[in-house]
Structures are given as structure tokens and as C-alpha cells.
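Visitor: From the sequence below, what's the structure:
(2 chains)
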Amino acid sequence: MSTKDNYIISGKKDGKRVDSRILEEMIQEAVAGGYMNLEVQAFGQHGIGGRLFKSDTNGTNIIISGQSGQRVGAMGFANTYIELMGPASDDVGWLNAGAHIVVHGNAGNGAANGMAQGKIYVAGNIGSRGMTMTKHNPRFEPPELWVLGSAGDYFGEFMAGGVAVICGVGSQTPENVLGYRPFVGMVGGKAFFRGPHGGFSQSDSAMIPINDAEWDWLLKNMKLFLKEIHRLELLKTLSDRKTWQLIVARSPDERILFPKRSMESFKTDVWEKELGRGGLIGDLTLTDRSLIPVITTGILRRFVPVWENRKYLAPCEAGCPTGIPVQERWSLIRAGHVDEAVDLSLSYTPFPATVCGYLCPNLCMQACSRQSSLMAPVDIKKLGQTSIDAKLPELPPESGKKIAVLGGGPAGISVAWQLRMSGHKATVYDMAKKLGGKISSVIPSSRIPQEVITKELERVRSVIPHVNLQQRLTKKDIEQLLADYDILVIAVGARQPRMLSVPGKEKAIPALDFLAQAKEGKARAGRRVVIIGAGNVGCDVAAEAHRFGAREITLIDVQEPASYGAERKAAEEIGAKFIWPCFTREITNKGVKLESGKVIPADTVIISIGDVPDLAFLPESVKTDRGFVIVNDYFQTSNPRIFAIGDAVKPGLITDAIGAGRSAADAIIKILKGIRPSDNLRRVIDKKRIKLEYLDPRVTGFDGLEHCGSQCSSCGTCRDCAICVAVCPQSAITRVTKGGNEFEMVVDENRCIGCGFCAGACPCGVWAMIENEPIE
Amino acid sequence: MLSDRHITPSTLSKKDLPWQVLWNRDKCTLCGQCTAVCPVNAIELGVFRKRILQTSLDTGSVPSSLNSVFHGIRQKTDPAYSCVGCAMCNLVCPNDAIIPVKSDEADKLRFHINQGGQPRSRGGRRNVKGGILDQIKFIRISMLTDPALDAGRHEFELRTLLGRILPPEKNLEFYYENGWIPPVRDIYPLIIGGMSFGALSPNMWEGLQMGVAYLNEELSMPVRICTGEGGCPPRLLRSRFLKYVILQIASGYFGWDEIIHSIPHMKEDPCAVEIKYGQGAKPGDGGLLMWHKVNKLIAAIRGVPAGVSLPSPPTHQTQYSIEESVAKMIQSMCMAWGFRVPVYPKISGTSTALAVLNNLTRNPYAGGLAIDGEDGGTGAAYNVSMNHMGHPIASNVRDCYLTLTKTGMQNEIPLFAAGGIGKSGNLAANASALIMLGASGVQAGKYIMQAAAGCVGSESDRCNICNIGRCPKGITSQDSRLYRRLDVEEVAQRVVDVFLSFDTELKKIVAPLGRSTSLPIGMSDALGISDYNAAERLGIKYVV
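Guide: The predicted structure follows:
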């Protein structure tokens, strides 16, 4: 195509400004028409020189004289060369896509905004927001902005590519050639500058040394720039490498969002420097406040396990008035020590077979933890009966202390037994020829084989000295006994029958007399027997009366009969009738006449409404209440040297009497040692601690002692099952032997995390979790 | 439950509890970490029966029952040990085998946590989610109508003034007449609200203070923190960091003798003094720091012997009227620092707030009014106080602001709003809404605990056991076994993070409004809400 020179387009027509749209059409037409050198005499038109897509490869040169408007060279195309002979208005080279623009004066705001390719040479200064949003498309060379003077404010904001060169010659702001807050949001490109700056965005950009390649590039292009703006004379001045600096965008990985001091450094160098070591409260506490893990060991555990072996009473032990640790006996059975399990009982009772095996309603079984889960309680009867063969332990030598026990029944024998076991001599005074009280005199033989009683009483007699009194004790006798003995124990029982104060009462037989006669085989009963008082003694009377020939037996009571258990069952089996409420008005030869007027015919009437003690011999110093002796918690009477136990204090079961004897003995032993007697502080274990889940709930009966032992949960006493050792996730529990059969479960506090698994898994409820000691 | 045991009226099943602990036997490794960490001992190792029946219909075969056990995690049902849903078990479980799940219906525990006639008390805040603040939108966006502001590029002066701001001519007049003008502080509009040393653990309290100091000294953000009522460690009182601190005086007057002793040794004046008359969480009710929490350290800071209970009565004992409170307390506290420190009261949100405000406007010593709305949090309060007492903050602060505008005093006495700001996580939006309704700044406490220390408490009644000293994150406990789970520096760093991100969000709200680069106090034309009545009540636009 032929070339045409100096095609002039005027921005005025007929003295009037040509609209930007018209001027644009004129320029586009000229270029399409092959004109390559245009002079545009501008008159404030917008966007001159941009978008010359039709320019051929040799390019189009546009000289702009006059006053150019905004956005000269906007969307400029490659092969376009624009030369502004004066200053440029705003946004010169906006979205420049390749044009080369030379401005011979200053340029306004927004120079090179959004430029992606091409070059802009400015021979003066530029306004604010120059070189903002520039890009570098890798398909093309990066765009360049050369400024001879200085940049205005917010230079290079969001700059994403390209090269800016600020020469700092003739700066409008010589003290700061980059203006206020340059390079905020810069992500790409670089800027060479020469002269002082007032700071730049540290988080987005960084100043780096200029390397040789960059310097060569700068120098080489500097010549072109200076040549085109006709200022080659500055080359020497601008070739001083040390006056130049380079700012580049930080890469994403070296981007600092907020350049700041580490908190660690702040703490050491600022915080503690001002406040002192230990910070805010370093002067008030020495407590270590450093970071710890959530799961901790040792002193830092919130809870610690405690092996509370035997700390609490098993329910059976607590339920037994005698206080026999039944669970210990099963423990011995499990360990194969059947003999020891049997012998152990003698430490607690002189009558393990008689009472546990036959006569006791077995309160231990009623209390058994297994009952709380509808499971059959461990059967103690068998073990009790086996105890007939229990061997007496070796007795300690006598201490020299002497105790007199008045009454040779279960209570008296129990206290004397315990005292002798502890080395004190206890002498039993009794009216009977042989020791045994009610056990030997009134318990029907249907309830217990005679040989059991005989054998156990023989064992007792071999240990306890017995003085067979020939006459009733008097107050004077007591005085003498107090002089002869250290301690006196009243265990005379309740042998005086309570009688009804109704006419004909002398026709009735007291129950105890009847039972004693029966025992001796001398009792007499008519065919029709009425028993007034339908308690367990009444039931015994009924059974014995039947044995002696009675066939119509009636038990009457003023209220629902309190009898229960074996006695009641025996009475019912022989066909005895229970009638209540019945109030006796008179006892006649025909029978018992009631308040209602009805007569219950009877050949024999037996009164069984309880017995009271005969305490006429007691000194004034011993206080009584309604016929019974008043005692404190350990059976001491108001006379400190006199104790009272058994039915003389309160009517009860044989096991109650034995238990009272044991408690009194314990107190006496302590008093003799000079120690204040104390209550038993052991409490019964909380059944919720017992894990019955280990036991088979479908067991309804027990097959021998071993089976009983295996099904006992050993409440509160370690059964040495080692489940805790196995369950501990930290392997912190060890079994430590302590000599003999004794052992201990020991926790390594440096391994334990206080999870409580030991407590959760322990079948016996021995392990407990307690709060760790406070740390101040 | 043992099978022969009777039930009581308060015997509950797991279903009756607010949280059910789901445990997965297959995943569980029985490591013990969950039971070791549970703050309320709600779970324990359980022994479970497992019965296997072996049956066959073959002739001659006898069916058998085989009893065995397995071990696993059991949730307790005793109300005293009910799960609080903190999920620490889940946090520590290496196998993700355990998690508490909120009951799918109203729990029955609520009817039984008054054993012994003692109604429920707890920590946290009102168990009601959401609220009006979350519904407020910023509807006035600058679309070519105002200077386009860029939150990232432009510099904003998001500061507020605390203290009595008199017009210049009045200031001059005041100065000539009195030789004194009221002190004013230029501070950041988000203040960390009063949480006492005692309510918070030492590590938490120090972490907050350190974070605030960092924001001031390293990032030039003039953030302030209120001490709450529980005194102030002497070292802080005697340090330059005191200028970042608002000292609170409340009805218990704890630690004030130590503060008074420190006055001659102070390098800096405190930022301000806040006189607490009420708390949004438990309006009109006092507090009680139980004796077992008053260890040697707390005792030293509060200036009391260790091991005694510390009551803060509901009212100041010697003040009987608004006039007296305003005149007597404000003047006394001003006097303590030679009238150089702004003093302002903090009240709980109430329909009588205007009466207080009217008194303050007539008192030149009054440096502002802080109002704590019904959604405010606390370390301990009766559940009934927390859930049912108090006034919502939005309309309360709005009424106050509009009253001030009627007398032309809206720029003179700053209002500070608190109570549930950031409750749903929208700290900057809630704060901006209140500021545009007329607050000069906001106070936040609970959000800071959640964001800076990982508090798990929520309005779903999760955790909320601040009152029993067993905070699983160590935020509100005085037991070093618990509070050592919290690292002072990490808390401080989180405080910094919270404020920096809040600052960005605040700008992201303020900039698009395009109006100015300073805090848009009272710029309520930017607010809209889709609730017509709320719009009417607050005097903002109704938009749908």
C-alpha cells in the first residue's frame, strides 16, 4: 500500500468543536484509507488514537497537537505510535493493548490505568493513580510506563504487571517521587525509581536490589526513552546505578498480610519488660501457668483413683447384728481356704452353726446386694452349718483383768467369749447348771438338731468359766462383784413373762415356761390350745404344742401378727389358725373370752406376749426405763463399770444379743486399755458401686460352698480379680504383695489419667474416684 | 438403675436429658480420655451384660443361655451429673466414637434442676437464638451516588470518642469559667466488656490484656478493655498498659483499695472508669463469687481474705436515687484522678434508661452511658434472670440516641451498646447496626470468649457451666488444672486476629455506604429491616 504523509485532521469544523464520535470516525476512515501519518489537531476530544485495528503492520503514527481530551490511546492497538506534543489529560493509555504513546508534557490522573501492552513515555510528571491495574499478559511483552518526573498519589495500586520507571527529574514532589501510599494491592510487575519515597505498601511490595540484567534493560531502554522525549542529555545523570531503586510485587507466598511482631516476642520484649517476669500476676503467685495437655497425669489429674479396700461394710456384714464379715468368708472359700472360712466365724460368734446355720433369720441374706437386682442372695446357711466343725483359735494368755458376766445366755456367752479371745478372764454367773440360756432351754428341737447345740455349747464351756449360782442375786452380791471384778456385764435376759391383767390369767401358762417344759419333754397340752400373742415365740409354742398333742391351735393377737420366717411357716404347717384383732376379756375354764363376747374354746391357754427382765438386784446407779436397762451406744450403763446387753436392754434376735456382746466386749477391751471406746465409723457401701453385671442373674440356687463363693460380689472388699489391672488404659495399676495373703492395688500416678475406668469396672466397688488435692 | 429400686419424681431417663451421649462400641478403644476429660462427670465406664441364647430345634438339643459382659461408656442420668453438651469427650476421642447430641424434644431435666428448692443458675446468656440485630441489613449502598470507597484501599478513621464532648465554643466557655474541660478519649469502637479477674481465669484475663496491649502498641489500634468488677492486678495498675484499661467499679467495690493504693504510682491514667449499676444478663440482680473460688490469688487482687464468699449486691448500698447516683458516684470517681479520666455509668437495658440519660445530660462530669441489653452474658446468674429479665438493646439505645438528637446533644454524650453483639457470629454487622442506630461504640464479652478462647457455650444451652468453675476450656476456672489448657499468648493472638478481622469487616460495611471514612454513628438511613413493626419502632426503613 502506498504511504500518504501528514494527513491532518482538525478537531474543529466551522469554528466549532467536532464531537468525539465524529473525530473518531474521521481518524478510523483515514487509517482505513491507508494514511499512516496523521496529525490530529485536538480540541478536547476523548480517546484519540485508540482502537486503530485497521492500521497495517507498518503502523500508524499520530501526532496530537492542540488540547487532547481524556484517555488518549485508550484501547490502543499495536502498531500505533502516538505523540502528544503537549500535556495529556486523565487516563492516558487507558486499557492500552499495544500503542506506544509519548507525552511531551505532564500527564494527568490515571495514566496507564489498566494498560496491558505498549509503552507510555511521559516527559513530565504524572497525576494520581498512575500505573494502576496494569497487567502483563504472557502472550505479549509487559507494558511500560516511563515518567521523567515523579508519580502522584496511590501510584501502582492493584498493579498486576508491567514495568514503571520514575526518573525523578524535575519532580513536582521532589521529597517523594512515588507519592502517597503507592503499590497498595500490587500483585505483579516492578517499578524502578530514582529519588526519595514516602513509604510504600509493605504487605504487597518489597524493595530489592537491581541485578545486572535489570540494570542493562533499564539502561538500554532509558536511551530510547530519553531519545524520544528529546532529553538525551540526561543520560549520564540517569546512568548512575546507585541512585536507582527497585520495587517489585511480593509473590503470594511471601506476602505479609500484617507485618507484625510475634506474640512471643511481644510477651518477652514488651509485656514482661513493662510488668516484670511472670507478667500480670508474677508478683502475686508462683503457680505454674504454662500450657498443659487436656489429658494429664500425676498432680495435674482432676480425679485420682483410691483403692478403698474394706473401707466400707459389705451390706451383709452391715446387716448382720453380730457383724460377721460374710464377704470375707466367701473370699476365703474362693481362695480354697474352706477351713479358714469356717474358723473365721469364731472370731465373731460362739455360735456360728447354731445361729447362722439354723436359728438366725439371716439378715445378711436379706441385705445381700444381689437382692437389689432381683437375684437370689448368697446362701449362708450351708456355711453356717459347716461351722459346727470350726476350730478354736489358740487363746492368748490371761491379762489379769477380770470381768464378771451375769447371765449365761447368748449375750453373756458372746461378751465372755470375746473378752477371753482378747486375753481377759470373764466369768459367767448363771442360775442354770449349764450355760446356754434360751438356746439350750427354750428353742424347740424342731428348729435345730440337739447335737449342734450340744457341740457348740461344749466349745463354749471349754473356754468360759461358769459359776453356777444357787440363789437369786441381790444388790449386795453386786456390790461384792464390783469389788472383786474390774467390770460387770448384765446379761440376764428377759425371763419374766409379761402377763395379761385379765381375770383368770393364772389359768394361762407363760410361753417360756411351756417351751422349757417341752424341751425337757414334760410339757402338757390339751387338744385345743389358744396362744395369746402370735409372734415368733407364739409360733414356736404352737409347734411344740402340736408335738405334745394339740390339734386345734389358735393364735390370737391384738394386731396383725408380727411373726415371720421359719417359725411362722412351721406353725402354719401344723394347721395353726391366726386370728386378729382379738382383745382378751377373760380366761375361763372353757377358753378365752374376747371383748366381743365370743369365746374361743381352749383346753390349754398359753400367753406369749413377751418377757421382761428381772432387774431387782441392780444397784441404784444403773438406770432403767420401763423395765429395761438404759445403755449408751456401746452398752455401758449409767454406772461406767457396769455394762448391760441382750434382752435385758432390748428384746431381739439371738444374733442381736451376740452382736451386743461383741460390741460391749470391744468397748470393755478399750476401756481396760485406757482408750475411749468409739462407734464403728465404717459405713455400708453404696450398692450402686457394686457391678452385679458380672454375675449370672439366672442363678436361682447354689450348688455347694464354692458356687456360693463364686456368686458373691465381695462388696467393698477386693476379690483380687485383676479386672482393674486389665481395664486400666494406661496400665497404671499393679498388684503389690504385702506378705501373707495380704496385697494391695497400687496406682502409678505418673501413668494414671484419672479416667475412672478402674472404679467403673470393679465388681466389688472397691475403687473410688476422688478429686485431686487443690493446687493453690 | 438397680431393678428393685423405686423411682422418684426426679428419676430421669437418658431421653429426659437435654443431651444424649452417643457412644459407638465398634469404634471405642476404651482409652479413658472421654471420662477423664468430662467436666461434669456425666460419663463413666459401664459394665454391660450381654446374653447369648443358643437355640436349636433339633431333637435332643437343649437351648442354653450364655451370660457375658462387655465394657463401654455409660451416660449418667442423675440430674447432678447430666451431660452439658460441651463435647470435650468428642474433642479428645481418638476414634470419634463419642459425641453428645441435643435431644430432639424439650428435656425434662429443666423441671428437676431445682433440687433442694434451689432454682437453676448457670453461666452464658439468654437461651434464645438470633435477634433483631441479625435482621438489620445495610441497604444504602453507594452506587455512583457518593464517593466510591474501597475498604481495602482507603484509609478509614474508625474511631470513637469516650467522654463528654462539648461543642468548641462551650469548651472554651467551660475552660475560662472552670479552668477545666471534660476529658475525652479517642478509642476503637469495639470495647472488650467487663469480665472480672475471678470470673475469668488468670490465663484468660492476661491473654485478653496482652492482646489489647499488642493491638495498641504494635498495630496502633486504640482498643480498650474493661476490667469487670474484681479489681486489677497491681502490676497492671502501675504499668503504662493501664491507659488501655477501663476500670470498673460495681456494688461489691472489690479491689478498689488496691487501686487507690496504686494511684500515686500510676504511670498513666486509666482510659476511663465504668460505674456498673447493672448487667444485661441479670438486670437488677447481684453476683456472688463462691468462697471455694476465692483462692489466694483472687483474694490478693480483690483485697479480701481467701476462702470467703464475695457478694456483689444488686444495688450500690448508699445510693438512693438517680440524682444521687449520678452526682455522688460520677463526681467521686472523677475526683480520684483529678478529673482527667472520663467516668460513665453502665446500666442494664431498661425502659427507664431515658431517665438515667436525662440526668447524665445535666451533669458535665458524665462521660457517656453504657447500656447492656438482655442478651448480655455472665459467668453466673439465675436462669430466670438470664432468660426473662431485661430490655433488648436495639430499641433501648435507639430511644436514647433519638432523645439526644431532640436536644441536639447527640454528639456530646456517647452511648455504648452491649448485650448479645455477635451472638450469631455477626460481630461487625451487629456492631455496625447498633452504631448506625446511634451507639458511639459497642462492648462485647461473650464473643471474645468464643473467638479468643474457644468457649463452647451457646444459646442452645450448651456447656454454660461457667458458674461451677469447671470450664473445660479453662476460661472461667480458677483451677490451674483447667486454666493451663489455655495459653496466654495464644489468647492474645486470637484477640488480635478478632480485632483485625473485625476491623476489615467493619470497613466492608462502612465503605460501600460511601458516605465517609469515619464511624457512621447514627447513620440510620443506611439501615433496613424486613419486619415492619421493627422498622417503625427503630425508625429505619422497611424493606422486603
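Visitor: Using CSV, write out the CA atom coordinates for stretch A:343-362.
Guide: The C-alpha coordinates for stretch A:343-362 follow below in CSV (Å, rounded to 0.1, in the frame of the first residue of the first chain):
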residue,chain,number,x,y,z
ASP,A,343,-12.9,-70.9,111.6
LEU,A,344,-13.1,-67.2,110.9
SER,A,345,-16.7,-67.2,112.3
LEU,A,346,-15.5,-68.0,115.8
SER,A,347,-13.8,-64.6,116.0
TYR,A,348,-17.3,-63.1,115.8
THR,A,349,-19.6,-65.5,117.4
PRO,A,350,-19.5,-68.5,119.7
PHE,A,351,-22.5,-70.0,117.8
PRO,A,352,-21.7,-70.0,114.1
ALA,A,353,-23.6,-73.2,113.4
THR,A,354,-26.4,-72.8,115.9
VAL,A,355,-27.3,-69.3,114.8
CYS,A,356,-26.1,-68.7,111.2
GLY,A,357,-26.8,-72.3,110.3
TYR,A,358,-30.2,-72.7,112.0
LEU,A,359,-31.8,-70.2,114.2
CYS,A,360,-31.0,-66.8,112.6
PRO,A,361,-33.4,-65.4,110.0
ASN,A,362,-30.1,-64.5,108.2
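Visitor: Quick one: mean pLDDT for that stretch?
Guide: Mean per-residue pLDDT for stretch A:343-362: 93.
Visitor: Close to chain B: what parts of the stretch 51-200 of chain A are there?
Guide: Contact residues (Cβ under 8 Å from any Cβ of the partner chain) of the stretch 51-200 of chain A with chain B: A:154, A:157, A:181, A:184-185. The C-beta positions use only the backbone N, C-alpha and C, and glycine is treated the same way.
Visitor: Could you list the low-pLDDT ranges of chain A?
Guide: A:1-5, A:56, A:256-259, A:679-680 (pLDDT under 70).
Visitor: quick one on the thing from earlier: would you turn the residues of the stretch 51-200 of chain A next to chain B into TSV with distance to residue B:458?
Guide: Listed next are these as TSV, based on distance: Cβ to Cβ, whole Å:
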residue	distance to residue B:458
A:154	45
A:157	42
A:181	42
A:184	39
A:185	38
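Visitor: domain assignment for chain A?
Guide: A:106-254, A:402-494+A:613-673, A:498-611 (automatic domain parsing).
Visitor: in the stretch 451-600 of chain A, which spans are strands?
Guide: Per DSSP state E, counting those that start in this stretch, the stretch 451-600 of chain A carries strands over the ranges A:466-468, A:487-490, A:496-497, A:509-510, A:528-532, A:552-556, A:577-579, A:584-587, A:591-594, A:599-601.
Visitor: Let me have those in a markdown table, adding mean neighbour count and distance to residue B:47 as columns.
Guide: Shown next, in a markdown table, are these (neighbours: other Cβ atoms under 10 Å in any protein chain shown; distance: least, Cβ to Cβ, whole Å):
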| stretch | mean neighbour count | distance to residue B:47 |
| --- | --- | --- |
| strand A:466-468 | 15 | 53 |
| strand A:487-490 | 28 | 47 |
| strand A:496-497 | 17 | 54 |
| strand A:509-510 | 20 | 55 |
| strand A:528-532 | 27 | 51 |
| strand A:552-556 | 23 | 48 |
| strand A:577-579 | 17 | 45 |
| strand A:584-587 | 20 | 57 |
| strand A:591-594 | 20 | 58 |
| strand A:599-601 | 16 | 58 |
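Visitor: nearest to residue B:314, of these?
Guide: Evaluated over these, closeness to residue B:314 peaks at strand A:487-490, with 64.4 Å, by Cβ to Cβ.
Visitor: who does the closest one pair up with?
Guide: Here strand A:487-490 is paired, per DSSP bridges, with strand A:402-406 (parallel), strand A:642-644 (parallel).
Visitor: could these go into JSON lines alongside mean neighbour count?
Guide: As requested, those are arranged in JSON lines below (neighbours: other Cβ atoms under 10 Å in any protein chain shown):
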{"stretch": "strand A:402-406", "mean neighbour count": "25"}
{"stretch": "strand A:642-644", "mean neighbour count": "29"}
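Visitor: Can you say which of the ones you listed is nearest to residue A:278?
Guide: strand A:642-644 (64.6 Å).
Visitor: List of residues touching that closest one?
Guide: A:415, A:482, A:487-491, A:619, A:621-622, A:629, A:631, A:635-637, A:664, A:667-668 (Cβ atoms under 8 Å, 6 or more residues apart in numbering or on different chains).
Visitor: Which of the three states applies to residue A:186?
Guide: Here residue A:186 is recorded as coil under DSSP: H, G, I helix; E, B strand; the rest coil.
Visitor: That one - how many residues pack around it?
Guide: 29 (other Cβ atoms under 10 Å in any protein chain shown).
Visitor: What are the neighbouring residues in contact with it?
Guide: With Cβ under 8 Å, 6+ apart, residue A:186 has these contacts: A:156-160, A:201, A:204-205, A:249-250.
Visitor: got the phi/psi numbers for the nearest residue to residue A:532 once chain neighbours are set aside?
Guide: In space, not counting the residues next to it along the chain, residue A:532 is nearest to residue A:607; the distance is 5.0 Å by Cβ to Cβ, 6 or more residues apart in numbering or on different chains. Note on residue A:607: its backbone torsions stand at phi -100, psi 120 [degrees, to the nearest 10].
Visitor: Present the strands of the stretch 451-600 of chain A as a markdown table; the columns should include distance to residue A:564.
Guide: Converted to a markdown table, these look like this (distance: least, Cβ to Cβ, whole Å):
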| stretch | distance to residue A:564 |
| --- | --- |
| strand A:466-468 | 34 |
| strand A:487-490 | 29 |
| strand A:496-497 | 22 |
| strand A:509-510 | 22 |
| strand A:528-532 | 16 |
| strand A:552-556 | 13 |
| strand A:577-579 | 12 |
| strand A:584-587 | 23 |
| strand A:591-594 | 24 |
| strand A:599-601 | 23 |
